[in-house]
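Student: Can you look at this prediction? I've put the sequence above it.
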Amino acid sequence: MQRGGSGHITGREIWSLTWPQALTMFFQFMVGFTDVVVAGRIHPHLQGAIGIITQCQFLMLVLGIALINGGLAAMSQAVGAGLHLRAERYVGLLIKAGVVFSVLTTAGGYFFAEHLMRFLHVPEEIFDLTLKLWKLLLPVLPTGYLAFLAAAVFRAHKIVRVPLISIILVCAVNAVADMGLGLGMFGMPRLDADGIVVSTIVSVSCGALFSLAVMVRAGLAGRRSFAPARWEKRAFPYILKVALPAGGSQFCWQLGYMVLFMITGTLPRDGVVAVNGLTDGMRVEALLFLPAMAFSFTASILVGHCLGAGNAEEAKRVGLRIAGTAALSMSLIALCLYPLLPYVTAFTVPDLSVRKVAADYILYNLLGTPFSVTSVVMSGIFSGAGATIYSMVSFSAGTWLVRLPLAWYMGHIIRQEASGIFLAMLVSQVVQSTLCLYFFFRRDWRGFASTAGRFARFSGEHKGRNT
């Protein structure tokens, strides 16, 4: 298991970190895809309920994921500096924070479940079903947090194949349990909706426990992870400094999409068709752009390691190289996919009117590939450096100052159809990437990294040692 490293980063190392993470996200996609397909075979209403619950779970985990991202930046920098004890202590700190976070979110999700469903305007015909499943699936929140934490710990140490194995395990268990308990296959009792609930809880728990066991066995977490309160009091503010803007960025982004759906649904013509086309197009887009997220995670890891090792110039060089490689390669893929667009939409979207809208959405996103990929990778770079405030400013400005006002104007006034909204999204992607590049070249984002020497003297850690 590779730890640390402050030398020149090669293309081979970038690729070796990127491809397992791309596969990891593909199998994560397949977990959700399996749930939706099986739910659709049980009852169409169940498919809609599962989709709403998935969105709710992500919103509830935003703060927890933000804390983990802050911890990932801190751990990567610590490993890059050779401070493995500090990295191990961050694990314990995040576990404690996760316990508090899980108790609050699970209790809040249970007691305010009905208010949450009303806030999301869940249709009456699926309201009771969605409410019931939401309460049953609340145990997934703490196990999901633990799974995200374990994956972050491995990534901070450049160990990216263990999370891949873990999600393959989750995907396999979930698929067998979904089809078995949900549809009554493989000689299992058919439980319908309750079967999907059981399969989700069991599969996520299996993945989290597997990752935790490997993490402890590898020496990345243990008794020493739980540091004295004096150390935690000094360390936690840095995690918050990184986590709060990251969480704010995700919240603004998700809330922006909710508003975008409202703008789309109230179009002067064919609002329902436009919403369905947007939904289907987003599903295809999510699958096509998984490699961009993998490049972003790789950038976060390597930039954190370089800054922890005190090699700021290498951090900038490798960040720029990853961004350029990702934008160029993904643009070439988009160019190759363009002639296949009618076949892709015909396979994924059966309804002809919805298919046209989905095809328009995917087309505008293919045109925006170099800009969207650049933004995503730059976000990973800033995250690795701890400069998540720049990601928050770029994405929030692009969404709330450009995308949403322009989407309403182009969609409702100028074109009066979904293509106006999709054009506004393309323009916002250009603005976001421009802001990200401005911060990358004109601001001291590398200065956000934790100061290893001063903190090491305070905490009793020594570079290159575990004592």
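Tutor: That came through fine.
Student: Report the buried residues of the host helix or strand of Lys135.
Tutor: Lys135 belongs to helix 124-136 when assigned by DSSP states H and E. Burial within helix 124-136, assessed by neighbour count using 16 or more other CB atoms under 10 Å, is assigned to Ile126, Phe127, Leu129, Thr130, Leu131, Leu133, Trp134, Leu136. C-betas here are computed from N, CA, C, even on glycine.
Student: Test my guess that the third one contacts Pro44.
Tutor: In this case it means Leu129. No: contact between Leu129 and Pro44 fails when scored by CB atoms under 8 Å: they sit 11.3 Å apart.
Student: sorry, back to before: any idea which of the buried residues of helix 124-136 is closest to Leu341?
Tutor: Closest approach to Leu341 among these (CB to CB): Ile126, at 32.0 Å.
Student: Could I get the contacting residues of that closest one?
Tutor: His45, Gly48, Ala49, Ile52 (CB atoms under 8 Å, 6 or more residues apart in numbering).
Student: if we go to 10 Å?
Tutor: His43, Pro44, His45, Leu46, Gln47, Gly48, Ala49, Gly51, Ile52, Met117, Leu133 (CB atoms under 10 Å, 6 or more residues apart in numbering).
Student: likewise Leu244?
Tutor: So Leu244 contacts Leu63, Ala66, Leu67, Gly70, Thr388, Ile389, Met392 (CB under 10 Å, 6+ apart).
Student: Need the three-state assignment for the fourth one.
Tutor: So the one you mean is Gly70. With DSSP: H, G, I helix; E, B strand; the rest coil as the basis, Gly70 sits in helix.
Student: Show me the helices in the stretch 151-300 of the chain, by range?
Tutor: 161-177, 183, 193-217, 229-265, 271-288, 290-308 (DSSP state H, counting those that start in this stretch).
Student: could you measure the closest residue to Leu302 other than its chain neighbours against Phe154, distance?
Tutor: In this structure, Leu302 finds its nearest non-sequential neighbour in Val318, 5.1 Å apart by CB to CB, 6 or more residues apart in numbering. Going from Val318 to Phe154 by CB to CB, to the nearest Å gives 20 Å.
Student: more crowded one of these two?
Tutor: Val318 (25 against 22; other CB atoms under 10 Å).
Student: who touches that one in this structure?
Tutor: Contact analysis of Val318 by CB under 10 Å, 6+ apart lists 8-11, 13-14, 298-299, 302-303, 305-306, 311, 381, 384.
Student: hang on, the earlier thing: how about the helices of the stretch 151-300 of the chain in a markdown table, adding mean pLDDT and distance to Ala97?
Tutor: Listed next are the helices of the stretch 151-300 of the chain as a markdown table, based on pLDDT from 0 to 100; distance: least, CB to CB, whole Å:
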| stretch | mean pLDDT | distance to Ala97 |
| --- | --- | --- |
| helix 161-177 | 96 | 20 |
| helix 183 | 93 | 39 |
| helix 193-217 | 94 | 16 |
| helix 229-265 | 86 | 8 |
| helix 271-288 | 79 | 29 |
| helix 290-308 | 93 | 19 |
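Student: hmm, back to that, adding secondary structure, write the contacts of Leu244 out as JSON lines.
Tutor: Listed next are the contacts of Leu244 as JSON lines, based on three-state DSSP:
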{"residue": "Leu63", "secondary structure": "helix"}
{"residue": "Ala66", "secondary structure": "helix"}
{"residue": "Leu67", "secondary structure": "helix"}
{"residue": "Gly70", "secondary structure": "helix"}
{"residue": "Thr388", "secondary structure": "helix"}
{"residue": "Ile389", "secondary structure": "helix"}
{"residue": "Met392", "secondary structure": "helix"}
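Student: If we only consider the residues you listed, which is nearest to Arg217?
Tutor: Leu67 (24.5 Å).
Student: Burial check on the closest one, number of neighbours?
Tutor: Leu67 has 27 nearby residues by other CB under 10 Å.
Student: Report the separation between it and Leu169.
Tutor: Counting by CB to CB - Leu67 and Leu169 are separated by 25 Å.
Student: who touches the residue sitting furthest away from the middle of the chain in this structure?
Tutor: Going by CA atoms, centre = their mean, the residue of the chain most distant from its centre is Gly187, 35.8 Å out. Applying CB under 10 Å, 6+ apart, we find Gly187 in contact with Gly180.
Student: Then the one 5 residues further on?
Tutor: By CB under 10 Å, 6+ apart, the contact set of Asp192 is Val38, Ala39, Ile42, His43, Leu46, Leu181, Gly182, Leu183, Gly184.
Student: For Leu133, see how far away it is.
Tutor: To Leu133, Asp192 is 11 Å away according to CB to CB.
Student: Common neighbours of those two, please.
Tutor: Common neighbours of Asp192 and Leu133, counting by CB under 10 Å, 6+ apart, are Ala39, Leu46.
Student: Tell me both backbone torsions, phi and psi, for Pro189.
Tutor: Torsion angles at Pro189 (phi, psi; degrees, to the nearest 10) stand at phi -70, psi 140.
Student: Now for the closest residue to it other than its chain neighbours: which residues touch it?
Tutor: Nearest non-adjacent residue to Pro189, counting by CB to CB, 6+ apart: Leu181, 7.0 Å away. Counting by CB under 10 Å, 6+ apart, Leu181 touches 38, 188-192, 194-199, 202.
Student: do that again at 7 Å, thanks
Tutor: By CB atoms under 7 Å, 6 or more residues apart in numbering, the residues touching Leu181 are Met188, Pro189, Leu191, Gly195, Val198, Ser199.
Student: How confident was the prediction at the closest residue in space to the fourth one that isn't next to it in sequence?
Tutor: Excluding the flanking residues, the one nearest Gly195 by CB to CB, 6+ apart is Leu181, at 3.0 Å. The model reports Leu181 with a pLDDT of 95.
Student: again with Arg465
Tutor: 45.
Student: need the strands for the stretch 351-467 of the chain, in chain order.
Tutor: With DSSP state E, counting those that start in this stretch as the criterion, the stretch 351-467 of the chain has no strands.
Student: in it, which spans are helices?
Tutor: 352-367, 369-385, 388-396, 404-408, 418-442, 452-459.
Student: for those helices, which one ends up most surrounded?
Tutor: Burial of these is given as mean neighbour count (mean count of other CB atoms under 10 Å); helix 369-385 ranks first at a mean of 27.
Student: Please enumerate residues in contact with that helix?
Tutor: 69, 73, 76, 246, 292-293, 295-297, 299-301, 303-304, 307, 315, 319, 322-323, 326-327, 330-331, 334, 388, 390-391, 394, 429-430, 432-433, 436-437, 440, 445-446, 448-449.
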